[in-house]
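>>> Sequence first, predicted model second:
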Amino acid sequence: MKSLVYNFFNDDEFLRISNKIKEAEKSTSGEIRICVKEKISFRDRNKSLRELAEIEFNKLGMHATRDKTGILLYLLLNKKQFYILGDSGIHEKVGDETWQKVRDEMQQKFKDGKFAEGIIWGIERVGKILAEYFPIKDGDTNELSNKVVLEN
């Protein structure tokens, strides 16, 4: 049985997304992750999208970055929903309204069936915002993987 994720993306697009994260992180001390989840478990069915993103954020160790500058783009495919969640260091300087604007732009690309392009655009935009508030520092290291996280 073919995975739902491949109705939206192919392997080449996942590589392009990972490369875009690497490129975006060259100008910021922030850490960007993408999680694509096919569906939620029965146990999590009553949780909000934000709660699901928070669970994933913690599971990926994003709360443990040096400056609390992790940001997660969390996609839930079967519900056709996604959420942008920034850590406390980001949230202090960049409010939810900024991420809602990014979300709305991404959503438009998704509605046009351009899923990879929407994510790549989102990464570029998030990277620029992070670079403005959290420029790259001396001795900065890539604290988290740039690989797209796929979950059933």
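Structure received.
>>> who does the most centrally placed residue in the chain bridge with?
Central residue of the chain (CA atoms, centre = their mean): L73, 2.0 Å from the mean position. Using DSSP bridges, the beta-bridge partners of L73 come out as I34, I84.
>>> Do I have it right that it meets C35?
Yes. Here L73 reaches C35: they are 7.4 Å apart, a contact under CB atoms under 8 Å. For every residue, glycine as well, the C-beta is placed using N, CA and C.
>>> before we move on, back to that, quickly note the distance from the residue nearest to the centre of the chain to G61.
16 Å (CB to CB, to the nearest Å).
>>> Just the CA coordinates for whichever helix in the chain runs longest, please, in CSV.
With secondary structure taken from DSSP state H, the chain has its longest helix at helix 115-133. The C-alpha coordinates for helix 115-133 follow below in CSV (Å, rounded to 0.1, in the frame of the first residue of the first chain):
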residue,chain,number,x,y,z
PHE,A,115,2.8,21.4,-1.6
ALA,A,116,6.6,21.2,-1.9
GLU,A,117,6.7,24.8,-3.2
GLY,A,118,4.6,25.9,-0.3
ILE,A,119,7.0,24.4,2.2
ILE,A,120,10.0,25.7,0.4
TRP,A,121,8.5,29.2,0.3
GLY,A,122,7.7,28.9,4.0
ILE,A,123,11.2,27.8,4.9
GLU,A,124,12.6,30.8,2.9
ARG,A,125,10.2,33.2,4.7
VAL,A,126,10.9,31.7,8.2
GLY,A,127,14.6,31.8,7.5
LYS,A,128,14.5,35.5,6.6
ILE,A,129,12.5,36.3,9.7
LEU,A,130,14.8,34.3,11.9
ALA,A,131,17.9,35.9,10.3
GLU,A,132,16.5,39.4,11.1
TYR,A,133,15.9,38.6,14.8
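>>> I'm done for today, thanks for sticking with me.
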